[in-house]
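# have a look at this prediction, sequence included:
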Amino acid sequence: MVIMAMAAVAVHGQQCGSQAGGAVCPNCLCCSKFGWCGSTSDYCGAGCQSQFSSCGSCGGDVTSIVSRSLFDKMLLHRNDAACLAKNFYTYDAFVAAANSFPSFAATGDADTLKREVAAFLAQTRKDGKTGPDYCTQSSQWPCAAGKKYYGRGPIQITHNYNYGPAGKAIGADLLSNPDLVATDATVSFKTAFWFWMTPQSPKPSCHAVITGQWTPSSGDQAAGRVPGFGVITMECNGRDPAKVADRIGFYKRYCDILGVSYGANLDCYNQRPYAVTGRLVNPTSTTRATQ
């Protein structure tokens, strides 16, 4: 009994959330706004970062936020005859993939969880047609003979140096079989969640931005980058406002369906994009994924 009591105290004293690299508390405990695990109102009340019982999100189950009927309503045209990805992006695949990333839609208060789902879906696009090899010489992520690493998936990853680490993270050999991203819907969604959750130094992860865990550096401030949906928008080059407006339009629609406010700083017109560093590069695309 003494040992069990000591273990319980140790767990309740564990750090979590933005103070511990986005860590989620064990045993379905809440993560307080100060970054400590516990189960009382001090931990699960205002400012709770993840797993508070009122939203039913323990373990990162996205079904408590997006039901099957809501998913169909949000992605209304994903199965239209003209859609290249018709009947591919299913609700079951979305849920299975999301649950592989426990912090997704499980960090912050109820409104934050909804905004993250809305923001993620607003940044998706449909599978494009085949393209170049997108093979860059790499000893760490070598290209497989005859394989092409063009954009695939809801958030289209390209290049071997993205397929390699994405596959490693989700437990699939995407260097040898990149077509899995276009033929297995769960794998496809997993690559999108991997991109969403992974920081791209010096860029923060999309997850950190939308959940309020990112604080702009002095360099970010000089570039006009501010927290909000705008900074994670992929067409953040200022050259095509129509594409930015398209993203914002879908984001607002999804927020409306989920019954949550939009938050601030939705566009990126006055925000300079990050320089390309050679990793985690996504192509600009006019095609859309699942809408």
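That came through fine. These numbers were taken from a predicted model, which means no experiment stands behind them.
# how near is Gly108 to Phe120?
14 Å (CB to CB, to the nearest Å). In this view, the C-beta of every residue, glycine as well, is placed from N, C-alpha and C.
# find the nearest non-adjacent residue to the spatially most central residue of the chain, please.
Centrality entry for the chain: nearest residue to the mean C-alpha point is Trp196, 2.9 Å, by CA atoms, centre = their mean. In this structure, Trp196 finds its nearest non-sequential neighbour in Cys206, 4.7 Å apart by CB to CB, 6 or more residues apart in numbering.
# please report phi then psi for the one you found.
Cys206 adopts backbone torsions of phi -60, psi -40, taken as degrees, to the nearest 10.
# give me the neighbour count for it.
Residue crowding around Cys206 was assessed by other CB atoms under 10 Å; the count is 26.
# contacting residues for it?
Contact partners of Cys206, counting by CB atoms under 8 Å, 6 or more residues apart in numbering, are Ala119, Phe120, Gln123, Phe195, Trp196, Met197, Ile232.
# the second one is in contact with Phe195, isn't it?
No. If you go by CB atoms under 8 Å, Phe120 and Phe195 don't touch, sitting 10.0 Å apart.
# pLDDT weak spots in the stretch 51-200 of the chain?
The model of the stretch 51-200 of the chain has pLDDT under 70 over residues 51-60, 126-130.
# in terms of secondary structure, what does the longest helix along the chain contact?
The longest helix of the chain (DSSP state H) is helix 241-258. Here helix 241-258 touches helix 68-74, helix 110-122, helix 229-232, going by 3 or more CB pairs under 8 Å, 6 or more residues apart in numbering; DSSP states H and E.
# what is the neighbour count of Thr215?
11.
# which non-adjacent residue is nearest it?
Using CB to CB, 6+ apart, the closest residue to Thr215 is Pro227 (7.9 Å).
# hmm, the one you found is touching Cys268, no?
No. Counting by CB under 8 Å, Cys268 is not a contact partner of Pro227; they are 12.0 Å apart.
# ok, these two, which is more surrounded?
Remark: of Pro227 and Cys268, Cys268 carries more neighbours, 26 against 21, as counted by other CB under 10 Å.
# check the secondary structure at that one for me.
Secondary structure assignment for Cys268 (DSSP: H, G, I helix; E, B strand; the rest coil): coil.
# state the pLDDT value of it.
pLDDT, Cys268: 91.
# repeat that for Ala7.
For Ala7, the predicted pLDDT is 39.
# Thr40 too?
72.
# also Val226?
96.
# where's Thr112 relative to Ser176, distance?
38 Å.
# ok, those two, which is more surrounded?
Taking other CB under 10 Å, Thr112 and Ser176 do not tie; Thr112 has more neighbours (21 against 14).
# distance of the nearest residue to the more buried one once chain neighbours are set aside from Gly249?
In space, and not counting its chain neighbours, Thr112 is closest to Thr211: 5.5 Å by CB to CB, 6+ apart. Applying CB to CB, the value for Thr211 to Gly249 is 22 Å.
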